[in-house]
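>>> Prediction below, plus the sequence it came from.
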Amino acid sequence: MNKKTMISMAVIRRLPKYLRYLGELLNNDITRISSKELSERTGFTASQIRQDLNCFGDFGQQGYGYNVRELYDQISKILGLNRSYTTVIIGAGNIGQAIANYTNFEKLGFVLKGMFDKNPKLIGIKIRDLEVRDVEELPDFLENNKIDIGIICVPKKQAQGIADIFVKNGIKAIWNFAPTDLTVPDDVIVENVHLSESLLTLSYRLNEDKLFKDK
Ligand code: NAI
């Protein structure tokens with residue numbers, strides 16, 4: 001088994017959280033943190049944090065803890081934030097426009113290069129500085145521009161068709177907001193975002209006590 005397959009998604013999903021907390025520490029001019037303090041702030045146990053970080057190398061020193069800047073930089077690098085990525089959004093509706101207008105993604109290095117839709121009322125409008133293009137132009141655009149990540153914000157019935165265009169034109173990473181499971185080749189990564197799943201988890205937790213009340 002190689003290192004790539006050994007690192008579980010659970011570990012990978014904790015890394016952005018570590019990065020966020022470390023970023024907050026840096027903003028507060030905190031340069032050094034013990035694993036105990038980091039554990040109190042993140043809600044993960046100190047041994048969990050140590051185990052997670054050990055997957056990638058030797059961070060922190062016994063008795064010293066972690067150097068916040070060093071750890072922040074290392075985790076950024078592990079998350080691939082030491083380079084930038086080009087993106088396109090397909091579907092310039094509610095979600096598509098919200099993502100395009102969220103400038104923080106750009107600060108992280110995700111640069112939006114194109115927005116596409118099929119609705120003539122949206123084609124030609126400007127969202128920030130980008131003009132929404134006709135989705136018919138998408139294959140040509142992908143052929144002429146190196147795009148790293150395709151973002152799907154169309155209704156679920158249209159999502160697979162867009163994914164197929166992405167795959168055919170060499171896109172290897174898809175951020176999918178449509179509530180559907182996409183079929184893609186093994187060398188293409190799909191990350192699904194389903195806000196409703198998060199909302200339903202919240203409603204479950206709100207009602208959890210009642211479920212077990214009489215048991
Ligand atoms: P919307 O109707 O505002 O926008 C969808 C846009 O896609 C429209 O502008 C439409 O013209 C365009 N479109 C449709 N077919 C297309 C095609 N073949 N090529 C290019 N453009 C096409 O819808 P909204 O609210 O933005 O939702 C978009 C998607 O995101 C839906 O699949 C919805 O279920 C999903 N969604 C996901 C959430 C999440 O948590 N991931 C939360 C809310 C919505």
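Cool, the structure landed.

>>> and the residue nearest to Gln160 when sequence neighbours are not counted, helix, strand or coil?
Closest residue in space to Gln160, ignoring its immediate chain neighbours: Leu182 at 6.0 Å, by C-beta to C-beta, 6 or more residues apart in numbering. From N, CA and C alone the C-beta is placed, and that goes for glycine too. At Leu182 the chain is in coil, as set by DSSP: H, G, I helix; E, B strand; the rest coil.

>>> Tell me where the chain has helices.
3-6, 9-27, 35-42, 46-54, 68-78, 94-101, 104-108, 138-144, 156-168, 195-212 (DSSP state H).

>>> In TSV, list these along with mean pLDDT, mean neighbour count and distance to Ile189.
Shown next, in TSV, are the helices of the chain (pLDDT from 0 to 100; neighbours: other C-beta atoms under 10 Å; distance: least, C-beta to C-beta, whole Å):
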stretch	mean pLDDT	mean neighbour count	distance to Ile189
helix 3-6	58	8	12
helix 9-27	92	15	12
helix 35-42	87	16	26
helix 46-54	87	16	21
helix 68-78	92	17	16
helix 94-101	97	17	18
helix 104-108	92	12	17
helix 138-144	97	14	17
helix 156-168	98	17	11
helix 195-212	90	9	19
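
>>> Can you lay out those helices as JSON lines showing distance to the ligand?
Below are the helices of the chain laid out as JSON lines (distance: least, C-beta to the nearest ligand atom, whole Å):
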{"stretch": "helix 3-6", "distance to the ligand": "27"}
{"stretch": "helix 9-27", "distance to the ligand": "17"}
{"stretch": "helix 35-42", "distance to the ligand": "25"}
{"stretch": "helix 46-54", "distance to the ligand": "27"}
{"stretch": "helix 68-78", "distance to the ligand": "26"}
{"stretch": "helix 94-101", "distance to the ligand": "4"}
{"stretch": "helix 104-108", "distance to the ligand": "15"}
{"stretch": "helix 138-144", "distance to the ligand": "8"}
{"stretch": "helix 156-168", "distance to the ligand": "4"}
{"stretch": "helix 195-212", "distance to the ligand": "3"}
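
>>> With distance to Leu130 added, can I get those helices in a markdown table?
Formatted as a markdown table, the helices of the chain follow (distance: least, C-beta to C-beta, whole Å):
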| stretch | distance to Leu130 |
| --- | --- |
| helix 3-6 | 35 |
| helix 9-27 | 26 |
| helix 35-42 | 36 |
| helix 46-54 | 37 |
| helix 68-78 | 26 |
| helix 94-101 | 7 |
| helix 104-108 | 12 |
| helix 138-144 | 12 |
| helix 156-168 | 18 |
| helix 195-212 | 23 |
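
>>> does Asn82 really touch Ser76, like I thought?
Yes: the criterion here is C-beta atoms under 8 Å, and Asn82 meets it with Ser76 at 6.3 Å.

>>> Where does the chain get nearest to the ligand, which residue?
Gly93 (1.8 Å; C-beta to the nearest ligand atom).

>>> Next up, the contacts around that residue.
Asp117, Leu122, Cys153, Val154 (C-beta atoms under 8 Å, 6 or more residues apart in numbering).

>>> got the phi/psi numbers for it?
Main-chain torsions, Gly93, degrees, to the nearest 10: phi -90, psi -150.

>>> Compute the distance between it and Pro139, please.
For Gly93, the distance to Pro139 equals 21 Å [C-beta to C-beta, to the nearest Å].

>>> can you pull the buried residues of the lengthiest strand in the chain?
In the chain, with assignment by DSSP state E, the single longest strand is strand 110-117. Buried residues in strand 110-117, counted by 16 or more other C-beta atoms under 10 Å: Phe110, Leu112, Lys113, Gly114, Met115, Phe116, Asp117.
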